[in-house]
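**Q** sharing a model that was predicted from the sequence below.
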Amino acid sequence: MYRLFALLLPLLAAGCNRPSDRRTAQTPPPLRLDVIEVGASELPQRMRFIGYLQSNFDAVIQPRVSGYLLTKQFESGKPVRKGAVLYTIDPSQLSTDMLSAEASLQSAEAQAIEARNNYERAVPLAAMNAISRAQLDQYTARHEAADAAVRSARQALRNARLNVGYTRILSPIDGIASGSNAHIGDFVGPGSQFTVLTTISNIDTLSVDLAIPMSDYLRYAGNRPTIYDNDDLLSDIRLTLADDVAYPYEGHYGYTRKDVSTATGTLVIVVKFPNPEQSLKPGQFARVEANVGPLRDEIVVPLRSVSQAQGVSSVWVVQPDDTLLFRRVETGGTVGDGWRIVSGLEAGERIVAAQSPKLREGMKIEPVTSAR
């Protein structure tokens with residue numbers, strides 16, 4: 001036993017004197033990251049709006065004469081053409097009035113002939129002093145009164161004929177007819193419960209109200225001579241329908257409503273879209289985008305360089321010593337594949353091109369210039 005221990009003792013001693021296998025810890029090399037230098041570009045201020053399409057204008061169809069409705073000659077919700085017959089009102093009573101006016105005119109014309117003949121006979125008699133001057137004046141007055149009665153009777157006949165014509169109610173415009181308020185057999189016209197029969201909506205052009213907050217308007221509009229003339233304020237006006245389909249026709253400025261909303265503090269601008277194929281209908285939901293105001297210097301960074309969490313947007317700024325600095329920024333919408341930066345970055349600063357969970361505040365990196 002003693003001899004075995006003596007043989008192992010040198011081996012144990014040699015093992016104690018062997019160098020350790022533990023390697024000395026080394027600092028890892030800095031991460032190589034793509035870095036972008038922030039620059040400013042002239043860009044339009046693109047704004048988005050939500051609204052509903054409205055008809056260009058509506059023609060309210062009201063009967064001018066009273067009577068019982070005989071026919072309705074259109075389909076509700078269908079197109080009608082200008083001059084098409086919409087309704088007919090029973091003309092019986094008005095036709096009788098017209099015949100009476102014709103008879104009155106004939107009687108007035110006969111009396112006018114008699115009065116003119118008496119006057120023409122009286123003139124030479126008065127010249128010979130066969131009749132007095134007073135009698136001539138009477139004949140003259142009767143002649144003029146008879147002529148006036150003829151003119152009055154003719155006007156009454158015109159009115160009677162117009163009233164008979166008004167029993168056929170025509171569409172004043174091309175458009176879409178709404179539902180009928182009255183039905184066949186109803187008594188319609190002034191003084192009745194049916195003073196409005198229907199409405200024709202013109203849909204050759206449809207409009208949308210764009211509500212711009214006054215703070216944005218004053219910031220984007222620049223120095224304008226008047227707040228009511230905004231013809232050149234909007235450009236590239238585009239409409240997107242509820243199914244996310246882009247409408248092929250560009251919109252144009254219509255007019256600015258006269259009042260600023262006291263409830264929301266917004267200025268309402270009306271834009272119009274042509275509707276040649278009649279693919280748009282009033283009341284349809286619409287999303288509108290438009291450039292507002294002149295071009296402005298804007299900072300735009302790639303979408304992938306901005307982190308968004310719990311409503312906070314942030315980027316990693318590369319400082320002059322190539323260390324990272326976490327910074328919050330305010331974004332103002334997207335432009336292509338980039339974010340507009342409203343505040344938080346200045347032109348000439350450098351940022352990390354793409355977010356990564358490995359990044360930490362104060363971390364040293366090896367920047368690699370990346371193209372925007």
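**A** Cool, got the structure.

**Q** tell me what the lengthiest helix in the chain is packed against?
**A** In the chain, assigned by DSSP state H, the helix with the most residues is helix 92-127. Counting contacts by 3 or more Cβ pairs under 8 Å, 6 or more residues apart in numbering; DSSP states H and E, helix 92-127 packs against helix 133-165. In short, each C-beta sits where N, CA and C put it, glycine included.

**Q** mind listing what's buried along the helix it packs on?
**A** 136, 139-140, 142-143, 146-147, 149-150, 153, 156-157, 160-161, 163-164 (16 or more other Cβ atoms under 10 Å).

**Q** go on, stretch 258-278?
**A** Here stretch 258-278 shows 266-269, 271-273, 275 as buried, counting by 16+ other Cβ under 10 Å.

**Q** now find how far off-centre that stretch is within its chain.
**A** 5 Å (Cα atoms, centre = their mean, to the nearest Å).

**Q** pLDDT on that stretch, on average?
**A** Averaged over stretch 258-278, pLDDT sits at 88.

**Q** first-to-last residue distance for stretch 183-196?
**A** 12 Å (Cα to Cα, to the nearest Å).

**Q** how distant is it from the center of its chain?
**A** The answer for stretch 183-196 is 35 Å, by Cα atoms, centre = their mean.

**Q** hmm, who's touching it?
**A** 60-72, 87, 89, 181-182, 197 (Cβ atoms under 8 Å, 6 or more residues apart in numbering).

**Q** of those residues, which belong to strands?
**A** Of those, the ones assigned to strands by DSSP state E are 60-61, 67-72, 87, 89.

**Q** which among the residues you listed end up buried?
**A** By 16+ other Cβ under 10 Å, the ones in strands among the contacts of stretch 183-196 give 61, 67, 69-70, 72, 87, 89 as buried.

**Q** list the pairing partners of the longest strand seen in the chain within its sheet, with orientation.
**A** In the chain, with assignment by DSSP E, the single longest strand is strand 285-302. Within its sheet, and counting by DSSP bridges, strand 285-302 is paired with strand 40-52 (antiparallel), strand 234-241 (antiparallel), strand 338-343 (antiparallel).

**Q** save these as CSV, and put in distance to residue 202 and mean neighbour count too.
**A** Formatted as CSV, the strands paired with strand 285-302 follow (distance: least, Cβ to Cβ, whole Å; neighbours: other Cβ atoms under 10 Å):
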stretch, distance to residue 202, mean neighbour count
strand 40-52, 17, 15
strand 234-241, 18, 17
strand 338-343, 39, 18
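
**Q** would TSV of the ones you listed with distance to residue 313 and mean pLDDT be doable?
**A** Formatted as TSV, those follow (distance: least, Cβ to Cβ, whole Å; pLDDT from 0 to 100):
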stretch	distance to residue 313	mean pLDDT
strand 40-52	18	86
strand 234-241	25	93
strand 338-343	8	88
